[in-house]
Each structure stands twice: as C-alpha cells, then as structure tokens.
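Participant: return a 3D structure for these sequence lines:
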Amino acid sequence: MPHNQQILLDNRPTGEAVASNFKLVASETPALQDGQVLVRHHFLSLDPYMRGRMNDSKSYAAPQPLGQVMQGGTAGEVVESKSPKFAVGDKVVGMGGWQQYSVVDANQPGMLRKVDTTHVPLSHYLGAVGMPGVTAWYGLVKIIAPQAGQTVVVSAATGAVGSAFAALAKARGCRAVGIAGGPEKCAYAIKELGFDACVDYKLHKNAESLSKALKDACPDGIDGYFENVGGMVLDAVLSRMNASGRIALCGMIAGYDGQPLPLTYPALILTNRLKVQGFIVSEHMEVWPEALNELGTLVATGKLRPRESVAQGIESAPEAFLGLLKGKNFGKQLVKLI
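Facilitator: Numbers count the residues shown, from 1 in each chain. This is a model prediction of the structure:
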C-alpha cells in the first residue's frame, strides 16, 4: 500500500488561524477490506467553513478533532478496489480530507460519487459543479427565489460560490451585482462571470460609503442578497434592500477569527419585512441532483467559466487556506497533489 502524507489539526487557533495550527505527517495506508476502495486524490478543496470547524465551539457540525486529518472535499481516482461499485480508474469525489490517499467504505451512502470528466474537468466537481455551486443554487433558488427583472447581489462574488451565483441568476433573467475586492476581481466578475455590475469593497472604509456605491450599482434597490461575508458589507446591503427582500445567509467570513460581528441597523429587517435565512447545503441533499445537472450544463456549454487558484503539493495547503481566509484566492481555491 502507498506511503501517505497527511495534514492534521495540531492545535486550535486563538484569534486568527496560523500555519503552526497544522502538522504534516507521513503514514502507511492500511490494506483494503472487502467493500473498500483506495482513492488517490488529485485535488483537495479548501473552503471557508473549515475555519469555523477549527474552533472548539458550538456550531452546526462537530469541531474538527485534534490530531486527526483535516476534513474536506477531494477529487481523485480509484487506484484499488474491493467493491463491485467502483473500478480502478473511476474518477470520484468525496470527503477524503487533507491527505494524498484515502480508504473509503463504498457501502456507506454518499461517501463517494463517480463523476464524468468528458465535458467537465475533475477539479470543477469541487467548485462550480460541487458543493459551492449547489450552495449558490440553493440560496438563490430556494431562499431568494427571484423573479425575472429583479436585482440580486452576492458578496465574495469571484469566489467559488459567487461565480456560480452569477450564471444561475442570469439564467433566471435577473440583474446580478457582485461585491468583490480589487479592480482585477471586479473586472473578471463583469467580463467573464457575466455580472451586470461589481462593487469593489476595498475602496470603502465604512458601510455608509459602500452603501452609496451599491445605490449606484443597484438603482432599483436590492431584492435578494446572498451573504458570504458579514460585517460592514452586510450593514451596507441592508440599507439598500427593498421591502420584502430575501437574504440567504451562507457565510460570515469576516468573523472567522472569532471576533463578534455586530449589526448596526437590525431594525431594517423589520422595517423592510426582510426574510433572513441561514442554511447549510449538506442538510438539503434532495436538491443536489437537480442543482448539479444545471451547473454541469452551464459549465459544459461555456455559460459558466469558473476560475481556480491552485496551490501545488500537500505541504502548501495550510498557507493556501490562510490566504483564502484573507481573500487572496481568485475563484475556487484548490491544492493539486499530482
């Protein structure tokens, strides 16, 4: 069995996460039992939710255990199989974690899924045609539920979720506006992702200034908002929401260092009769087939052209992850292992 390099959570962060929270180790991959398969990972997925799970605090999922492989999505290839459900050479996605290989019980539902790489690259199954894409789909379709002609806004617009959100919104006849950091990201949002406008939050030091920019980008107000950030950005958007607007609350990356994120004008939720709904996409597996079918078609037909930031080698994962939390990535953040 192959030699396996793994990254463990060695200790919990206090405040900002740092590279020394992680530890690179080597291990021997155990021999397969009946019903198991050995997967060689080609790509690791790095996602903002992982930061929250590094804390030992109450949340929607159990904390990442200390001394164990960091959990996360993976895409790779079956290299040995003792299961009739998978053959050597099958391309698969799962939750193999931050390691080069994983042993998976193929009899456990949802642990491993075959994917077709004929028209969709393998890496995209961790982004636009994977969990981030389905996240965008659920927030837009099931919570915001826009009508054609309405204005919808998403923060972290050029990330893996925001990229898919634009294509999905345009397919429904909406005006799509992004919020992103820096002129390069905003230009990409408009030229490549199809946003009608993009606001650069880095040009604004407070919510009032950002709110004015949003007024220019959204002259008819905001009917639906997909929240990935929180903090000043949420304050600015709340002031521009239309009556009976809907907010899909997916992430609060501005607060992942553990600091509280106060809301300046919560009364706006009442004044404008807003619907604010948080959600976890893994709790809505019933929509995944429909969402993945639409997302796969958008990628295959060139209507969704997701960008990727790719770090090389297992040892690069911690620094790439810390960069993701600071917005240094451009599109979906991956680690390429082969």
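
Participant: give the closest residue to residue 135 in space, chain neighbours not counted.
Facilitator: Take residue 135 and drop its neighbours on the chain: the residue closest to it by C-beta to C-beta, 6 or more residues apart in numbering is residue 281, 4.4 Å away. Every C-beta, even on glycine, is put in place using the N, C-alpha and C of the backbone.

Participant: run through the residues that contact that neighbour.
Facilitator: 131, 134, 135, 138, 250 (C-beta atoms under 8 Å, 6 or more residues apart in numbering).

Participant: pick out the lowest-pLDDT one from the residues you listed.
Facilitator: Minimum pLDDT for those is recorded at residue 250 (91).

Participant: mind checking which of the contacts of residue 281 land in helices?
Facilitator: 131, 134, 135, 138 (DSSP state H).

Participant: which of the residues you listed lies closest to residue 157?
Facilitator: residue 135 (13.9 Å; C-beta to C-beta).

Participant: I'd guessed the closest one sits against residue 228; true?
Facilitator: No - shown here, residue 135 and residue 228 do not form a contact pair, counting by C-beta atoms under 8 Å, at 9.3 Å.

Participant: who touches both of the two?
Facilitator: By C-beta under 8 Å, 6+ apart, the residues touching both residue 135 and residue 228 are 161, 250.

Participant: have a look at the chain and report the helix or strand with the lowest mean pLDDT.
Facilitator: helix 49-53 (a mean of 91; mean pLDDT, DSSP states H and E).

Participant: and the next helix or strand past that helix?
Facilitator: For helix 49-53, the succeeding helix or strand toward the C-terminus, using DSSP states H and E, is strand 74-81.

Participant: coming back round to it: how much space between the residue nearest to residue 135 and residue 319?
Facilitator: Distance, residue 281 to residue 319, by C-beta to C-beta, to the nearest Å: 27 Å.

Participant: same check, this time on residue 180
Facilitator: 22 Å.

Participant: more neighbours, these two?
Facilitator: Using other C-beta atoms under 10 Å, the more surrounded residue of residue 180 and residue 319 is residue 180, with 27 against 13.

Participant: beta-bridge partners for the more buried one, please?
Facilitator: residue 200 (DSSP bridges).

Participant: quick one: it and residue 154 touch, right?
Facilitator: No - between residue 180 and residue 154 there is no contact under C-beta under 8 Å: 9.3 Å.

Participant: which neighbours do those two have in common?
Facilitator: With C-beta under 8 Å, 6+ apart as the test, residue 180 and residue 154 both reach residue 162.

Participant: now the residue nearest the centre of the chain: closest residue in space that isn't a chain neighbour?
Facilitator: In the chain, the C-alpha nearest the mean C-alpha coordinate belongs to residue 132, at 4.0 Å (C-alpha atoms, centre = their mean). Nearest in space to residue 132, with sequence neighbours left out and distances taken as C-beta to C-beta, 6+ apart, is residue 160 at 3.6 Å.

Participant: ok, residue 134 next?
Facilitator: residue 291 is the one closest to residue 134 (C-beta to C-beta, 6+ apart), at 4.5 Å.

Participant: and for residue 127?
Facilitator: residue 332 is the one closest to residue 127 (C-beta to C-beta, 6+ apart), at 3.5 Å.

Participant: and that neighbour, what is it in contact with?
Facilitator: Residue 332 neighbours (C-beta under 8 Å, 6+ apart): 45, 123, 126-128, 132, 159-160, 163, 306-309.

Participant: what does residue 331 give?
Facilitator: So residue 331 contacts 127, 158, 159, 160, 163, 306, 307, 308, 309 (C-beta under 8 Å, 6+ apart).

Participant: pop the domain breakdown of the chain in here.
Facilitator: 3-127+307-336, 131-282 (automatic domain parsing).

Participant: most packed of those domains?
Facilitator: domain 131-282 (a mean of 20; mean count of other C-beta atoms under 10 Å).

Participant: just the contacts of residue 281 now: which is nearest residue 262?
Facilitator: Using C-beta to C-beta, the contacts of residue 281 come closest to residue 262 at residue 250, 19.5 Å.
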